[in-house]
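Trainee: please work out how this folds:
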Amino acid sequence: MKVAEADRPVDTRAVTEQLDRILAHNLFARSVRYQTLLRHVVECRLEGELDRLKERIIGIEVFGRAPDYDNTSDPIVRINASEVRKRLTQYYEGPGRNDDIRIELILGSYVPILSYRPSETSRPSTPNGSGNAVLPKEEGATANNGNAEAPAMPYVASPGMPS
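Mentor: This is a model prediction of the structure:
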């Protein structure tokens with residue numbers, strides 16, 4: 001679960017710089033397709049053009065498919081998005097693990113989630129002194145899905161984004 005950080009608007013310049021760092025990494029640098037797809041979805045998100053982040057439109061705009069292409073028989077967008085998701089995960093598990101901004105594509109969506117590592121000064125204090133925010137329980141849920149040892153989430157989603 002992610003929590004929207006109400007006081008923090010999207011920093012377009014910082015997100016663009018983060019995108020450039022990701023695309024320059026070996027996980028993306030050798031694939032024009034993955035670079036183009038990730039750049040397209042992030043830029044559409046930053047420009048507020050979420051209506052362009054549909055599979056069919058991405059197929060036309062990013063992969064040059066004809067306007068009448070059948071996305072049910074041509075999985076180019078799904079296949080490339082799956083690989084971009086995998087590579088983003090690898091990037092943030094490795095060289096990007098300490099980055100302040102995280103860009104994610106969750107399964108079932110082409111709208112990127114932009115999350116920020118909370119700064120030390122913005123973290124609320126907690127009873128255990130960890131500095132990690134305590135999220136309210138959802139009805140019928142247990143904290144940390146019943147696992148008392150699970151770490152608190154290190155990133156919070158940008159405002160207006162799905163959680």
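Trainee: could you point out the helix or strand that follows the one helix or strand Arg13 maps to?
Mentor: In this structure, Arg13 sits in helix 12-24 according to DSSP states H and E. Counting by DSSP H and E, the next helix or strand C-terminal to helix 12-24 is helix 26-29.
Trainee: pLDDT of the following helix or strand past that following helix, averaged?
Mentor: Counting by DSSP H and E, the element after helix 26-29 in chain order, helix or strand, is helix 32-46. The pLDDT scores in helix 32-46 average 97.
Trainee: can you spell out which helices and strands pack onto the next helix or strand after helix 32-46?
Mentor: Once helix 32-46 ends, the next helix or strand along the chain (criterion: DSSP H and E) is helix 55-61. In terms of contacts (3 or more Cβ pairs under 8 Å, 6 or more residues apart in numbering; DSSP states H and E), helix 55-61 is packed against helix 32-46, helix 76-93. Any C-beta I mention is one placed from the backbone N, CA and C, and that applies to glycine too.
Trainee: which one of those lies closest to Arg56?
Mentor: Arg56 lies closest to helix 76-93 among the helices and strands packed on helix 55-61, at 8.0 Å (Cβ to Cβ).
Trainee: what lies in contact with the helix or strand that that closest one is followed by?
Mentor: Using DSSP H and E, the helix or strand that follows helix 76-93 in sequence is strand 101-104. For strand 101-104, contacts defined as Cβ atoms under 8 Å, 6 or more residues apart in numbering pick out 11, 14-15, 18-19, 22, 38, 42, 85, 88, 92, 96, 112-117, 155.
Trainee: any of these buried? List them.
Mentor: Listed as buried from the contacts of strand 101-104 are 11, 15, 18-19, 22, 38, 42, 88, 92, 96, 112-116, 155; burial here means 16 or more other Cβ atoms under 10 Å.
Trainee: which one of those residues sits closest to Pro75?
Mentor: Nearest to Pro75 among those is Leu38, at 17.8 Å by Cβ to Cβ.
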